[in-house]
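Peer 1: Sequence plus predicted model, see below.
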Amino acid sequence: MQRLIILGAGTAGTMSANRLRSRLPNWSITVVDRDDAHHYQPGYLFVPFGDLPPERLVKPRHDYLNDGIELVLGDVDRVDTDTNTVVLDDGRELRYDQLVIATGSHPRPDQTPGMDGPLWHKDVFDFYTLEGTTALRNRLASWDGGRLVVHITEMPIKCPPAPLEFSFLADDFFRKRGMRDRVEIIYVTPLDGAFTKPIASATLGGMLKERKIHLEPDFVIERVDNDSHAIVSYDEREIPFDLLVTVPLHMGENFVGGSGLGDELNHVKVDPHTFQSRKHDNIFALGDAADLPTSKAGSVAHFAVDVFADNFVEHVAGRPMTHQFDGHANCFVESGNGKAMLLDFNYETEPLPGRFPVPGIGPLKLLAETRANHWGKRAFEWIYWHLLLPARPLPVSTDMSMRGKHEPATDLADVPSAPDQPRKTEVFK
Amino acid sequence: MTLATLNGHDVHVDAEGFLTEYDEWDEDLAKVLAHNIGIELTDDHLKAIRFLRDDFLAEGETPTIRRVTTVAGIPTKDLFTLFPGKPAKKMAYVAGLPKPVGCV
């Protein structure tokens, strides 16, 4: 019997195991993870504001793996690609015919000097871990105001709009508590604007401005100064904070780099259309663990698994893989006051305004703040556990569609358009 | 895509002035590109630029600051001194490579 090993029982690992179980009846499927706690990561965003109890976000991994899938608990030490063996920390060895790496990407505050120093989880917080977001909730409950700095260390990060959403929700939270005038919010990013893609960046930048959230772009952090309560950039800008909510550098698991499969951040180098390792044709990486040039997000993992499952069945039958992933992602962006907007995009096409999923009708509006989008985002928690992980069909197409979308003409004045002459120097202002 | 005349040669550039054809670049042109953004090229600059060129050829994409630091061994702080403000963008511009992909 041929053996498939999937490292990681998170969103991508669980979905692909369940999807392949029924399609590869003669294969053994083993999933490896270090613990039996599956976290609903999109929920982390709501915890600091008391909108979701943290304990609700965690469920046993084994409950979401279909019958006929073995779950092995243990830390991966390395993948020996010469002998096709996964070696665990405790010395156990698991041989594979095909390997899927779905071990995600994780915040690493230890990679920035001073970030996990004396102020860590006292005045410096992350909200990308259950521990961090819960500690932040407790701090915010008694915080009496001052300067809140929301900060991104370096791209890529999981769910790239999340720090913007956090800022919008924080603005809303402080207004409802009648203390917005006692809080200054600064949004600090290594990007040159609020977001990466021009049209969404202009829209989201405008939303920051409306909420009187100051944007500090092009900030590449060198260190957190615990004595002066400030973040310091490589070009020696210093931003003092009373409360720092940072998104630390994200890295894949150490074994990825240690096994010669990764880039500088231990993300697995793969073909962006098939997820096949660039080095070994019996190794694939799915979800946040891969170095795909798109968002690290559950929606990407979901669309990716659709393509992967079809390809993988062909691949193990010795046929060429005929399906291509287009980088499709969609994400709800909470904007506060019970509203959210929806972004839908892929490798080639940036997020545009329009209607989704039914062109012209919706009911969801793209790149616009609505209540329906907010309830869509909150309803996603149920969809995640009951439809997404079991790999049941969702009413959303795998390939991105241009139907129902339009390129804005004149209503977004900030969007840079191609000038007649190259703007060699303007770029660097 | 636009044609621009730099150093007496016609080269292809994108809307922001980044060269779009790998082979239209040479080190003389790099001096002109650097001059455009207020940088006088030194050997230290060229060490980074040459790494970018080689790495792009090998990997098919413009390396990030982190990659220049970890693989070429040039400290990030030095990159900020050599290419003030926006080193990733400025290095790519001088090296005649596409702007590094800001991840989505």
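Peer 2: Thanks, I have the structure now.

Peer 1: what's the single longest helix found in chain A in contact with?
Peer 2: In chain A, taking DSSP state H as the definition, the longest helix is helix A:298-316. With contact meaning CB atoms under 8 Å, 6 or more residues apart in numbering or on different chains, helix A:298-316 is reached by A:2, A:11-12, A:15-16, A:19-20, A:23-24, A:27, A:41-42, A:98, A:102, A:274-276, A:284, A:286-288, A:292, A:294, A:320-325, A:327-331, A:384, A:388, A:391, A:394, A:398. In this view, the C-beta of every residue, glycine as well, is placed from N, C-alpha and C.

Peer 1: quick one: average confidence on it?
Peer 2: For helix A:298-316, the mean per-residue pLDDT is 95.

Peer 1: Relative to the whole chain's centre, how far out is that helix?
Peer 2: Here helix A:298-316 shows a centroid-to-chain-centroid distance of 18 Å under the convention CA atoms, centre = their mean, to the nearest Å.

Peer 1: Quick check: next helix or strand after that helix?
Peer 2: Next along the chain after helix A:298-316, taking DSSP states H and E as the criterion, comes strand A:329-336.

Peer 1: angle of the very next helix or strand once past that following strand against helix A:298-316?
Peer 2: Tracing the chain past strand A:329-336, the next element assigned as helix or strand by DSSP H and E is strand A:339-345. Interaxial angle of strand A:339-345 relative to helix A:298-316 (axes from the mean of the first three to the mean of the last three CA atoms, to 10 degrees): 30 degrees.

Peer 1: what about strand A:339-345, near chain B?
Peer 2: Yes - part of strand A:339-345 sits near chain B under the criterion CB under 8 Å from any CB of the partner chain, namely A:F345.

Peer 1: how about the following helix or strand past that strand: buried residues?
Peer 2: Sequence order places strand A:354-358 as the next helix or strand after strand A:339-345, per DSSP H and E. By neighbour count with 16 or more other CB atoms under 10 Å in any protein chain shown, strand A:354-358 contains the buried residues A:354-357.

Peer 1: again, but for stretch B:44-57
Peer 2: Under 16+ other CB under 10 Å, the buried positions of stretch B:44-57 are B:45-46, B:48-49, B:51-53, B:55-56.

Peer 1: quick one on the thing from earlier: narrow the contacts of helix A:298-316 to those in helices?
Peer 2: A:11-12, A:15-16, A:19-20, A:23.

Peer 1: Just the buried subset of these, please.
Peer 2: Among the ones in helices among the contacts of helix A:298-316, the ones that count as buried (16+ other CB under 10 Å) are A:11-12, A:15-16, A:19-20.

Peer 1: ok, back up a step: out of the contacts of helix A:298-316, which touch chain B?
Peer 2: Restricting the contacts of helix A:298-316 to those touching chain B (CB under 8 Å from any CB) yields A:294, A:329.

Peer 1: List only buried entries from the contacts of helix A:298-316.
Peer 2: In these, the ones that pass as buried (16+ other CB under 10 Å) are A:11-12, A:15-16, A:19-20, A:24, A:27, A:41-42, A:98, A:102, A:274-276, A:284, A:286-288, A:292, A:294, A:321, A:323, A:325, A:327-331, A:384, A:388, A:391, A:398.
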